[in-house]
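Student: Quick one, what's the 3D model for this:
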Amino acid sequence: MSSSSLLTIQNQIFIYGYSICVILGNIGNVLIVILLSRQRQNPCSIYLINLAIMNDLYLILNSFVQIFPFSYSDQSLRVFIFCKLRLYLSNIFGQLAKTMLVFACIDRFMITSDRATIRALSTPKRAKRFVLLAFIFWIIFPIHIPIMITINNGQCGAFDIYARIYSIYIIIFFGFIPSILLSIFGYMTYRNMRKRRIRIQPIVHNSIQRRDRNLLVIVISEVFIYVITATPLPLFLLEMMISQYILINTSIQSLQTQGFIINVTYLLLMINSTAPFYIYFISSKVFRQDVKQLIKNIYQKIRRYILH
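Tutor: Numbers count the residues shown, from 1 in each chain. Got it, this is the predicted structure:
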């Protein structure tokens, strides 16, 4: 395939792919926040609400930059600051979203445990503390990004030795650590379910127990999708780093192909931020009922407003 054809395909994927992601993602994430806010005293709901908010912010920021390319040829201070903040904020939103999903998965592991001491760790107060700590951590930990990211030949990014350091950072913290933690706690939750036949929480009301089971299905489904969509990027970055040491000379066409593939993996991350609402809707009967009831309530309010 010629380089011009590859560039044309890449541009079309970005224009349509990112546009679809930002539209469907924003709608879905807003609906998640509305629906789960009714259960905000549930620790898992607290994590999933924050996950939806971070996904929304991640989508808005990255889609805007990709759909409306920004010129970095201008060497003004405003452009320089925008370059640094764009990658820094994108990192914060993306990492917080992953952290919220990990917390939700750990919470489902605790809630399905047959040990009362472990189940007792799942509380709204503790969940809010973990969310706050995660925010503080991910604001401070990636501070190297705005310090080291710069503009070179009209491009905003990581260059020289920091390019390798940044790739290693992405491989570890974007890919391997979240995927490993989600796989471990996802499996342990599944094992708890098998052992206890989904006897969740020592609670009285069946409706509350039903909600906990519903959240369990939602989290496990999202973990599965996350591993599929988020793993390709770190794996490909790792392959690129290895090939740089093995191959001395790389053709222009190979570099263009690598650029195309890595951009597709970034699009998969966008899909990962878009998908939660639709994953919940497909996998959970209770969530579908909640969505239908919400739409019905909105319709009735609009109808009453028009008639009066």
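Student: Only C-alpha atoms from now on, for both contacts and neighbour counts.
Tutor: OK.
Student: what does the worst-scoring helix or strand of the chain on mean pLDDT contact?
Tutor: Taking mean pLDDT, DSSP states H and E as the measure, the chain has helix 206-230 as its least confident helix or strand, at a mean of 78. Under the criterion C-alpha atoms under 8 Å, 6 or more residues apart in numbering, residues 44-45, 101, 104-105, 108, 174-175, 179, 182-183, 186, 198, 200-201, 203, 265, 268-269, 271-272, 276, 279-280, 283-287 lie in contact with helix 206-230.
Student: buried subset of the residues you listed?
Tutor: Buried subset of the contacts of helix 206-230 (neighbour count, 16 or more other C-alpha atoms under 10 Å): 44-45, 101, 104-105, 108, 174-175, 179, 182-183, 186, 198, 200-201, 265, 268-269, 271-272, 276, 280, 283-284, 286-287.
Student: In helices, which of those appear?
Tutor: Mapping the buried ones among the contacts of helix 206-230 onto helices (DSSP state H) picks out 44-45, 101, 104-105, 108, 179, 182-183, 186, 265, 268-269, 271-272, 276, 280, 283, 286-287.
Student: And the host helix or strand of Ser243, how far out from the chain middle?
Tutor: Ser243 belongs to helix 232-246 when elements are defined using DSSP states H and E. Relative to the chain's own centre, helix 232-246 is displaced by 22 Å; criterion: C-alpha atoms, centre = their mean, to the nearest Å.
Student: Which elements pack onto that helix?
Tutor: Using 3 or more C-alpha pairs under 8 Å, 6 or more residues apart in numbering; DSSP states H and E, the elements in contact with helix 232-246 are helix 161-169, helix 252-274.
Student: for the first one, packing partners?
Tutor: For helix 161-169, the helices and strands in contact under the criterion 3+ C-alpha pairs under 8 Å, 6+ apart are helix 232-246.
Student: now the helix or strand encompassing Thr99 and helix 252-274, what's the angle there?
Tutor: Secondary-structure assignment from DSSP H and E places Thr99 in helix 77-111. Using axes from the mean of the first three to the mean of the last three C-alpha atoms, to 10 degrees, one finds that helix 77-111 and helix 252-274 are set 60 degrees apart in direction.
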